[in-house]
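1. model this:
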Amino acid sequence: MSSHYDVLILGAGMAGLSCARRLHDEGKKVLLLEKARGLGGRMACRRTEKGAWDHGAQYFTTSDAGFSAQVAAWQQAGCVAEWSAKIQAWDGQRFTKPSKMQRWVGVPAMNSPLHALADGLDILFDVNAESLLQLEGVWQLKAEDQSWQAKQVVLTTPPEQLSSLLPAEHALTTLAASCQMEPCWALLIHSARPIDLPFDGLFINQGPFTWLARNTSKPGRGGEENWVAHASPEWSREHLALTPDKACAMLTRAFGDVFHDMPLEHLPVFKLLKMSAHRWRFASGALAEGTMPYAVSADGLALAGDWLAGGKVEGAYRSGFALAGALLAACRT
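-> The predicted structure is shown next:
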């Protein structure tokens, strides 16, 4: 594989892939470098012999016309579908129904539309970027015994992970430092039998949890009963240093307490629950939306990500796609 590219993109989540897809389709030579072993970032899916869990992003919505058109194309291709779930909210005293909205999920997993975007792109996994230097107008990115060169480099990693790569006095360093991301512990739950609850998704507005979802209620999942619970940013921040086993033990104890005060016909029966925990160190957070959903400097460095576009999946897509348009326009001038 060549080491010289038009654009290097660090991160193969939604922002990186939407940027790469547009650049590639316009004839640019693009390489994506991903730290993890697979696509997705926070849209990744956890798979075991007991099934699969969307343990990060739970669903996405649309408001932007361009993203809506992309979702329609994904739906036509069969890699996304509407999640017509029974959604409620719990405030500690009563259930309410949130505002009705169209919720979309990847099929058969949240990262499925990312695989569609990645088709035909050059992607390397298990790459831990170590340094980024500019020599004679060309950026060189190094990772262990490998290096790649390009005139333009797009960084889509969480802002707090950028300080080790960006030059200390760079304007983009200051921008990245201004956004603080919140963590989230996710509890992955497997049950040997269905859990009798009157909802598929529940916003929880008190206690250590903020969200609970029946993962197997999403289109294309099937299989045995799997649920995902997200801890609150406050709880996750307080217990950030826990090992996954210790976090799992604490959240498991708290999980049963969630239902005690709910006006249910009967308390759910949890038989042979199997649980594990995953920590998302940089789960959520965003700057106030500016005029552009990305940041680019004259020296060829650029930033993209949901944190620059209001957060969420749609924001990540808009950020990467719009940045690609700006890079292409700059090439034409």
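2. Contacts for the longest helix anywhere in the chain, please.
-> In the chain, ranked by residue count with DSSP state H as the criterion, the top helix is helix 312-332. Surrounding helix 312-332, the residues in contact under the criterion CB atoms under 8 Å, 6 or more residues apart in numbering are 7, 13-23, 26, 28, 43, 57, 60-64, 66-67, 70, 152, 154, 156, 286, 292-294, 296, 302, 304-309. (Each C-beta comes from the backbone N, C-alpha and C, glycine too.)
3. now do stretch 233-245
-> Contacts to stretch 233-245, defined as CB under 8 Å, 6+ apart, come from residues 182-185, 208-210, 231, 247, 250, 276-279, 281, 283-284.
4. Okay, buried residues for that stretch please.
-> Taking 16 or more other CB atoms under 10 Å as the basis for neighbour counts, the residues of stretch 233-245 that come out buried are 233, 235-236, 239, 242.
5. Out of the residues you listed, which sit inside helices?
-> Counted as lying in helices by DSSP H, out of these, are 233, 235-236.
6. Of those, just say which sits nearest to residue 98.
-> Sorting those by how near they are to residue 98, with CB to CB, puts residue 233 at the top with 19.1 Å.
7. got a pLDDT number for that closest one?
-> Turning to residue 233, the model gives it a pLDDT of 97.
8. Break down the stretch 101-250 of the chain into its strands, ranges please.
-> Along the stretch 101-250 of the chain, counting by DSSP state E, counting those that start in this stretch, strands occupy 104-106, 122-124, 131-135, 138-143, 146-155, 182-191, 201-204, 209-214, 225-231.
9. what's the distance between the first one and the middle of its chain?
-> So the one you mean is strand 104-106. Offset of strand 104-106 from its chain centre (CA atoms, centre = their mean, to the nearest Å): 13 Å.
10. Number the residues from 25 up from this point.
-> New numbering, starting at 25: the last item is strand 128-130.
11. so how far is residue 280 from the residue of the chain most remote from its centre?
-> In the chain, the residue that sits farthest from the middle, by CA atoms, centre = their mean, is residue 289; the gap is 35.9 Å. Residue 289 sits 17 Å away from residue 280, going by CB to CB, to the nearest Å.
12. what do you get for residue 62?
-> Using CB to CB, we find residue 62 at a distance of 33 Å from residue 280.
13. For those two, indicate the residue with more neighbours.
-> Looking at residue 62 and residue 280 with other CB atoms under 10 Å, you find the greater number of neighbours at residue 62, namely 16 against 12.
14. which residues does that one contact?
-> Under the criterion of CB under 8 Å, 6+ apart, the neighbours of residue 62 are 68, 135, 149.
15. In which helix or strand does it reside?
-> Remark: residue 62 resides in no helix or strand, with elements defined by DSSP states H and E.
16. Just the pLDDT at it, thanks.
-> For residue 62, the pLDDT comes out at 92.
17. repeat for the one 4 residues further on
-> Looking at residue 66, its pLDDT stands at 94.
18. Residue 233 now?
-> pLDDT for residue 233: 97.
19. What are the neighbouring residues in contact with the residue lying closest to it once chain neighbours are set aside?
-> In space, and not counting its chain neighbours, residue 233 is closest to residue 253: 5.4 Å by CB to CB, 6 or more residues apart in numbering. Taking CB under 8 Å, 6+ apart as the definition of contact, the neighbours of residue 253 are 210-211, 213, 233, 235-237, 275, 279.
20. farthest-separated two in those?
-> Comparing the members of the contacts of residue 253, the greatest separation, given CB to CB, is between 237 and 275, at 14.8 Å.
21. Please verify my assumption that residue 234 contacts residue 256.
-> Yes - using CB atoms under 8 Å as the test, residue 234 is close enough to residue 256 to be in contact (4.8 Å).
22. Next, format the ones in helices among the buried residues of stretch 257-269 as TSV and append distance to residue 348.
-> As requested, those are exported to TSV (distance: CB to CB, whole Å):
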residue	distance to residue 348
257	31
259	37
260	33
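23. Could you list the low-pLDDT ranges of the stretch 225-357 of the chain?
-> Within the stretch 225-357 of the chain, the ranges that satisfy pLDDT under 70 run 296, 357.
24. And residue 235, how far from residue 171?
-> 41 Å.
25. For those two, indicate the residue with more neighbours.
-> Using other CB under 10 Å, the more surrounded residue of residue 235 and residue 171 is residue 235, with 16 against 13.
26. Give the bridge partners for residue 148, please.
-> When bridges are assigned using DSSP bridges, the partners listed for residue 148 are residue 57.
27. Let me know how buried it is, in neighbour terms.
-> By other CB under 10 Å, neighbour count at residue 148 equals 14.
28. Thank you, goodbye.
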